[in-house]
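Q: Structure, please.
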Amino acid sequence: MARLAFLLALSQATLLYALPTRDKVQVPDEIEKREITLSLNLDATTSYSSVFPSSVQSVAVTLVPSVTGSIHTQLPSHGFTRGPLDGPQISAPMGPLSPIQATLQPQLTAAARQPDPNIFMPMESDAPPQQIKARNDHAVPKEHILDQDIPIETNKFYSNFFLGTQTQPVWSHPYALNWAKGHGDTFGIAVAHIERDQLAWGEGDVPRYFIGPVGVQNIVFSAAELANDTVLSVEEPTGFSVYANLAPFSGADTIMSIPVVQGMGFVTALYNKAKPQLNSGTFFRTLEYVEKLNGVTFKYRVTLEDDSEWLLYATPVASLGAVPFDLVDSAIIEGPENFIGMIQVAKNPANSSGEAVYDSTCGAYAAGAGISGSVDGSVGSYTIHYTKNGVQNQTLVMFALPHQVESFSDQTRAALTDISLSTVTKGYARAVVADSITMVEQDLPTTIDFAPWIPASDGGSGGGSNTNLGAIAMAAVSRAGALELNEDFDHQTRLNSMYYSGKGLAKFAGIIYTLQSLAQNTELAAAGLVKLKDAFHVFVNNTQPFPLVYDNVWRGVVSSGTYKNGDTGVDFGNSLYNDHHFHYGYFVWTAAVIGYLDPSWLEEDNGANKHWVNLLVRDYANPSSLDPYFPFQRSFDWFHGHSWAKGLFESGDGKDQESSSEDTFSTYALKMWGKVTGDANMEARGNLQLAVQSRSMRNYFLLEDDNAVQPEQFLPNKVTGILFENKVDHTTYFGGNKEYVQGIHMIPLNPSSAYTRSRKFVQEEWDAYFSDGRVDKVEGGWKGILYANLALIDPRAAYDFFADPKFDIAQLDGGASRTWYLAYAAAMLGDGTAGVGTVDASEEEVEPPEGEEGDVETAQEEEWSPEEEHDQEGQEDVEEVREERPPEESLEEVESDPLPTEEGDVDIVDENAEEEWTPTEDEETPGGFEGDDIEDGDEEGWFHENKSWEEENQDPDDNQLPRRHRHGGGRHPRPDSGWRFSPWDKRHE
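A: Just a heads-up that it's a prediction; the model follows:
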């Protein structure tokens, strides 16, 4: 048997050693099926002497103990390519969009029903559709995993155990574990706990980062049999746990196994006929035998040279007498030969009260966990149920993170103890004596839908949507929408990036929703919806430049980009499961808008659209471990309360996430997709998950002045930047500008933003970084992002910025629209007063924008649209053929076309419009590179400014739009060079 599995019941205490049980809540029958039961009355096969040489063993230390480990101050160099604004920007208008005389019949709930008592029920379990081809290979081979025929979690906390060197740490919180693999003369599993005073800090009064040391070996679980040929494998990887198994050599039986469960109170090692050996790089000072507990467990106290106190508990099987341990020297404690049983260790910061807790729970250990949840109106709860093995009449001791403790049910709160241990990036974890923990959320965002949402004015629970923009704002929104729907959808959505494509689709979906439901311009919305459906169907049909494939190795839907060119960094590492919730969340939300505006779309082609979107949902947010095609909740971590973006990349600081706002947006997308499709469980999970995220963001990511979780000296940064399991770094993967670091936690502005980003936080952040005119020094799309975020606290100023007749569309990123920003800011005023008092809506007629020759619509004989030719397979080459460009306004005139403001609807011609610039052969440009000629690490990483976006990104081999060259492992912004990017031409500013 690959891993220890045995059940022993003694007269008054039951010992349970069982195979991993996956999800205790969802598959109770499987537990019984996988357990192996031995006799209740085993004869003792081993007898230990009850006489110890001394109850206290000590050694003299001549070396300095290692308590500092090593520090990783650099960001990982893999899987990241570009910044979120580096996709194709706003395209030139294609010609006027003719309104359609059609009646849209939006429907928010397809089939209203109550969610199930447990909202974590399976959804669809069908195979991927035929247009998504299966691949039986992957850039990262599935190695060191014993369970080969199940979906494998790719983004969970333990993946360092099976990736790369297998030696990077795994954080269970509050402990960190890593395979020593010869480091410190041991081949066991090292256990470390890091105190706050061990953290490394960046320079200055407000440090940019803080990091926990890695490589610290407080106590190492090993065995005398483990040497150079030792192999590490993992078994039963689930959403909350994994077993780490050590064998003396490949093919040998496992002799030591550690069940690693998030929040485990003890680190437990199960031994099978081995000689236990405990090592320490911190050095042992004393080992003291104390007493026998619960009839079968023997207690020791261990003091390390850093003055920390640890408790050691040994529970043997089929033996008599106290298990003997000898303190050989400052680095080694040896146990008996041929030991069968468990050894547990725990750090005790609470003296006698802590010992009492550990004494009452020793002998039992968590072997796994499952989750259940329920929602009733605006109140929801979720319970993490632990699978208990070992001494069954002992209750488990588990650690909970601050956001969990904050929301404990009364029953769970009553089980809290005085034991508190620090984590590196999640504050102090509290120990609770319980076999399950329940968290309750009292303010679910059930009133949030597609419209701008305003929280309760008193800061309390609740809030409501507002669709009343006011007459002037409605006119402004309609006019902006008419302009933006004229853009080339295909140019901004049919890309080789699921991320940028999704952002483009969501942008246009937001415009169309806004025109229909907020500006009451149904005809224009209907025309835009036709274009949006066509753009979306490119992906449903899987004819985008890098089609999706079903990865049959790890079990998931990924971009074919890496399969095509071997580069694991394509599309931010999508092929290796990076950022799937970011990427696919935009598609899910877009589909929700389409399904809301046209419910019949959900049933077209036997529900093909709905099934395709559900496939993306199952990939990043699958609610059940019973799905044979996808793992449970790939992205979201129900223990941490937020998602992890890092996929199959080994990482010295663990999993990480950069954009808290795109995380919450992906959940908001689930909520709205569930609402539109009538999936009550999905909608309920979305509401509950948003509430949990709002709480975790407030505790860990978005730092108000009175935050009591993150270190006080770091709070002036206001956001964590990139949050790892072992590091917080106030930066981004694409640069350190303040607008990048703060803004990556703002995008995209959506109705749930006001729920997850409190007014208090937004005001503090604005005052710290962008007030007093500092925002106006920001350039490009980031400026628009900052002003859109301002609408959460000062919607008047935000509205005036976007309604300015001289507004420059270069201040919009490729995933944002002026239409939505105007509508959002107007709605956040709450009373329909945006631009009030200047124009009566009943007298105003909103027309399409005028060019130099007058009304574009009258100048154009017929609507012009691009023709597209695809290769026969529809999966290789995408070539846009434009036979002629219609008469159109210059981009400058489009940028400066005025919108209604408080001064009224006045047409203003921008006299400062730039003239088109065409580079000459000898004209010097800001420089850069073409293609992939520059290697990682070179000083320069920018792009040849003599090329259009399409030319610059053209891959000569496949006529696709490949990613920009990955430079130094980071995603870099465009340099501030005095040149401005346009997708159609280049102009000097």
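Q: Please name the bridge partners of residue 487.
A: With DSSP bridges as the criterion, residue 487 is bridged to residue 93.
Q: number of nearby residues for it?
A: By other C-beta atoms under 10 Å, the residues close to residue 487 number 24. For glycine as for every other residue, the C-beta is placed from the backbone atoms N, C-alpha and C.
Q: what do you get for residue 773?
A: Number of residues near residue 773 (other C-beta under 10 Å) recorded here: 7.
Q: What does the pLDDT read for it?
A: Residue 773 carries a pLDDT value of 97.
Q: Help me confirm that residue 328 is found in a strand?
A: Yes. According to DSSP: H, G, I helix; E, B strand; the rest coil, residue 328 belongs to a strand.
Q: Now for it: which residues touch it?
A: By C-beta atoms under 8 Å, 6 or more residues apart in numbering, the contact list for residue 328 reads residue 334.
Q: wait, residue 222 sits on residue 278?
A: Yes. Counting by C-beta atoms under 8 Å, residue 222 does reach residue 278; the two are 7.1 Å apart.
Q: which stretches of the stretch 1-150 of the chain have low pLDDT?
A: 1-47, 49-54, 58-103, 109-112 (pLDDT under 70).
Q: and if you look at the stretch 301-450 of the chain?
A: In the stretch 301-450 of the chain (pLDDT under 70), no residue qualifies.
Q: Helices of that one, residue ranges please.
A: Here the stretch 301-450 of the chain has its helices, by DSSP state H, counting those that start in this stretch, at 351-361, 402-406, 410-413.
Q: CSV please, covering those and showing mean neighbour count.
A: CSV is the format used below for the helices of the stretch 301-450 of the chain (neighbours: other C-beta atoms under 10 Å):
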stretch, mean neighbour count
helix 351-361, 17
helix 402-406, 21
helix 410-413, 14
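Q: Out of these, which gets nearest to residue 618?
A: Proximity of the helices of the stretch 301-450 of the chain to residue 618 was assessed by C-beta to C-beta; the nearest stretch is helix 402-406, lying at 26.4 Å.
Q: For the closest one, name the packing helices and strands.
A: Counting contacts by 3 or more C-beta pairs under 8 Å, 6 or more residues apart in numbering; DSSP states H and E, helix 402-406 packs against strand 428-433, helix 680-696.
Q: what comes into contact with the shortest one?
A: The reference is to strand 428-433. With contacts defined as C-beta under 8 Å, 6+ apart, strand 428-433 is touched by 173-174, 263, 265, 357, 360-361, 395-402, 405, 408, 412, 415-417, 419-423, 709.
Q: Report the angle between that strand and helix 351-361.
A: Going by axes from the mean of the first three to the mean of the last three C-alpha atoms, to 10 degrees, strand 428-433 is angled at 50 degrees with respect to helix 351-361.
Q: Strand 428-433 pairs with which strands?
A: By DSSP bridges, strand 428-433 pairs with strand 397-400 (antiparallel), strand 416-422 (antiparallel).
Q: CA atoms only for that strand - export them in CSV, please.
A: Output in CSV follows, covering the C-alpha atoms of strand 428-433 (Å, rounded to 0.1, in the frame of the first residue of the first chain):
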residue,chain,number,x,y,z
TYR,A,428,-2.4,35.9,13.8
ALA,A,429,-4.2,32.5,13.6
ARG,A,430,-6.3,31.4,16.5
ALA,A,431,-6.6,27.8,17.7
VAL,A,432,-10.1,26.4,18.0
VAL,A,433,-11.0,23.0,19.5
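Q: doesn't residue 371 make contact with residue 386?
A: No. With contact defined as C-beta under 8 Å, residue 386 does not count as touching residue 371 (10.6 Å).
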